[in-house]
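Trainee: Can you look at this prediction? I've put the sequence above it.
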Amino acid sequence: MSNEHLGTDAPAGHYEQTLAKDLSPFTLFAVAFGFVSIATGIFTAYGSVLATSGPLGIWTWPIVVIGQLAVALVFGALAARVPVTGYAYQWVSRLANPVLGWIMGWISFTFLGVVVVAVDYTIASTILPVLFGYVGTQANAWIITAVVITLQAALVSLSTRATQRVNNGAVTIQLIGMIGLVVLLFAVGFTTGQFDWSTLFSRGDVPAEGYFSLGGLTEAGPWAMGFLLGAFTIVGFESAANLAEETRDPAHVVPKAMYRAVLTLGIIGFLFLIAVTGLAGDPVALAGSATPIADIIQGVLGSFLGKALLVLVVISIFSCGLVITLSGSRLIWAMSRDERFPGWQAFHRISRSRGTPMNATFMMFAVGQTVLAVFAFSTDALFALFSAATLLPAIIYASTVALYIVKRKHLPPTRGFSLGRWETPVLVVAVVWLVWELLIFRDASFANSWAYVGVMVLIGAVYFAYLLIRKGVAGLTMPDMESIDAVLDAEPTEH
């Protein structure tokens, strides 16, 4: 099927192949890798972790990697059985019922709307001021972030192939650049004697008493807060599943893309954390900086090389936001295809000339700009953004894993990836990790995050009530899974 015959006016809910199936395994890996983006997560959250947990907080990272890897493996088992665009929305709709599926889709949309802002705000607030030597303010951070969001939405709406090429190139640069950066930091640190092993086990100015405590009803212990670093960074690997309908052999390719991204990022990210923390100097002073990672890199490697590597980080973060925008547009399109997203009449359309869901992408752009306007003048905008963008995927992951446990015996047989005899231990690890992660969000510092979730849930509830009044529960029934698979497994679309 050529682009000229893409289903521009196909009825919503009618699962015909309308997106070209031309994504390669590396492209899927690049999507998962680009969304997770260790550069983005660590540059965003490192300062907060220094303040709440001290340098010792970085040792939570390996635990997060193991937990998120278990979640990625469960998601891989689902993607091999339900290879349909919309990931958690589609999976929960079939594992439980369309009502819960819609709720999960809306939460996923809410997550994507805030995380793209958190990612792009990182460029404006923690990197560009050091790179160009100006004083960062809330006003210029807002303007720069708004421009970055606009550029990403324009690229995603104009060409999926161009978006893929930009992301593939950015991920390649990030892989080579982050490995090179880690090697350089260790080499210079050891050669000059700047690397201090003791800093890795320092608590900074965080009191020793109660450091490893579980906390109270409205507070998490200091070390527990350190888990936010990995929990914010290692999310979004499931974005590969959101492009299942554009991938050849998704039952094999999508699961591999997800768990390989988590493993690769987990290893490189931990080495990077050890390098920058060992070179942090005075962690107490560094915790007060708005640009701690950039300060370390430039201080150790010098102005010229430090700035060159910061350019690499900007490219990585831009790529991350690009993938989030791409994933969000596909989710909006998938829900609109089923007539379940506000304004679906416009958002389920595929552009004849571009072969992209342009209207859905514009919606992602509008949501991003709205969220940015709400958070832009918060006194701690970056923390509010990244904590909300950590809470939401935790809810999505926990709900999806719970339903998989209940319904896994009733799923259709896999045509690709399978957990096999490892299913039970993987599920145990995933559940223990997700329960622990969600408990951290009882801390009072996450009040703004819960407020954002509450407002978005309220907006969704109003629209969902309208759907129920208009269609009733029976009108929300999803198409039969097997019939969808038969259509989507038809002859692959060619460009």
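Mentor: Right, received. Where do you want to start?
Trainee: Roughly how far does Gly189 sit from Val300?
Mentor: Counting by CB to CB, to the nearest Å, the separation of Gly189 from Val300 is 6 Å. To be clear about C-beta, it is placed using only N, CA and C from the backbone, and glycine gets the same treatment.
Trainee: Which neighbours do the two have in common?
Mentor: The contact sets of Gly189 and Val300 overlap at Leu279 (CB atoms under 8 Å, 6 or more residues apart in numbering).
Trainee: Show the model's pLDDT score for Phe26.
Mentor: pLDDT recorded at Phe26 is 77.
Trainee: for it, helix, strand, or coil?
Mentor: Assigned by DSSP: H, G, I helix; E, B strand; the rest coil, the conformation of Phe26 is helix.
Trainee: quick one, what contacts it?
Mentor: Asn168.
Trainee: What of the one 10 residues further on?
Mentor: Contacts here follow CB under 8 Å, 6+ apart; on that basis Val36 touches 233-237, 261-262, 265, 320.
Trainee: what would the residues you listed look like in a markdown table with neighbour count?
Mentor: Converted to a markdown table, the contacts of Val36 look like this (neighbours: other CB atoms under 10 Å):
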| residue | neighbour count |
| --- | --- |
| Thr233 | 29 |
| Ile234 | 26 |
| Val235 | 25 |
| Gly236 | 29 |
| Phe237 | 27 |
| Ala261 | 28 |
| Val262 | 26 |
| Leu265 | 26 |
| Cys320 | 32 |
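Trainee: May I ask which two of those residues are separated the most?
Mentor: Distance extremes for these: the farthest pair is Val262 and Cys320 at 15.0 Å, using CB to CB.
Trainee: Going by neighbour count, list what's buried in the strand or helix carrying Ala308.
Mentor: Following DSSP states H and E, one finds Ala308 within helix 303-337. By neighbour count on 16 or more other CB atoms under 10 Å, the buried set for helix 303-337 is 306-307, 309-310, 312-337.
Trainee: again with stretch 272-291
Mentor: 272-280, 283-284, 286-287, 291.
Trainee: Make CSV out of the residues you listed and add pLDDT and distance to Tyr466.
Mentor: As requested, these are exported to CSV (pLDDT from 0 to 100; distance: CB to CB, whole Å):
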residue, pLDDT, distance to Tyr466
Phe272, 94, 47
Leu273, 95, 47
Ile274, 96, 52
Ala275, 95, 52
Val276, 94, 49
Thr277, 95, 51
Gly278, 95, 55
Leu279, 94, 55
Ala280, 90, 52
Pro283, 87, 52
Val284, 86, 53
Leu286, 87, 50
Ala287, 83, 47
Thr291, 80, 45
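Trainee: between the residues you listed, which is nearest Gln174?
Mentor: Phe272 (11.3 Å).
Trainee: List the contacts of that closest one.
Mentor: By CB under 8 Å, 6+ apart, the contact set of Phe272 is 38, 42, 178, 181-182, 185.
Trainee: how about those residues in a markdown table, adding pLDDT, neighbour count and secondary structure?
Mentor: What follows is those, written out as a markdown table (pLDDT from 0 to 100; neighbours: other CB atoms under 10 Å; DSSP: H, G, I helix; E, B strand; the rest coil):
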| residue | pLDDT | neighbour count | secondary structure |
| --- | --- | --- | --- |
| Ile38 | 78 | 26 | helix |
| Ile42 | 86 | 25 | helix |
| Met178 | 86 | 23 | helix |
| Leu181 | 89 | 25 | helix |
| Val182 | 92 | 19 | helix |
| Leu185 | 93 | 24 | helix |
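Trainee: Tell me where the chain is predicted with low confidence.
Mentor: Along the chain, the parts satisfying pLDDT under 70 run over 1-23, 379, 382, 475, 477-495.
Trainee: Mind telling me which residue is nearest the centre of it?
Mentor: Geometric centre of the chain, nearest residue: Gly236, 2.9 Å, by CA atoms, centre = their mean.
Trainee: The residue nearest to it when sequence neighbours are not counted sits in which helix or strand?
Mentor: Using CB to CB, 6 or more residues apart in numbering and skipping the chain neighbours, the partner closest in space to Gly236 is Phe35 (3.3 Å). Secondary structure from DSSP H and E places Phe35 in helix 25-36.
Trainee: Give the buried residues for that helix.
Mentor: Under 16+ other CB under 10 Å, the buried positions of helix 25-36 are 25, 27-36.
Trainee: circling back: closest to Pro425 among the contacts of Phe272?
Mentor: Distances from Pro425 to the contacts of Phe272, taken by CB to CB, are shortest for Ile38, at 26.4 Å.
Trainee: and the residue nearest to Gly236, what does it touch?
Mentor: Phe35 makes contact with 235-237, 239, 320, 323-324, 327, according to CB under 8 Å, 6+ apart.
Trainee: repeat for Leu372
Mentor: Leu372 makes contact with 117, 121, 142, 145-146, 149, according to CB under 8 Å, 6+ apart.
Trainee: Go through those and give me the one with the most neighbours.
Mentor: Val117 (30 neighbours; other CB atoms under 10 Å).
Trainee: thought that one was touching Thr145?
Mentor: Yes: Val117 is in contact with Thr145 according to CB atoms under 8 Å; the separation is 6.8 Å.
Trainee: What's the separation between Val36 and Val235?
Mentor: With distances taken as CB to CB, Val36 is found 7 Å from Val235.
Trainee: give the contact list for Ala381.
Mentor: Neighbours of Ala381 in contact, by CB under 8 Å, 6+ apart: 121, 125, 138, 141, 375.
Trainee: let's see 6 Å
Mentor: Ala381 sits next to Phe375 when contact means CB atoms under 6 Å, 6 or more residues apart in numbering.
Trainee: Phe232 too?
Mentor: With contact set as CB under 6 Å, 6+ apart, Phe232 has these partners: 41, 45, 386, 390.
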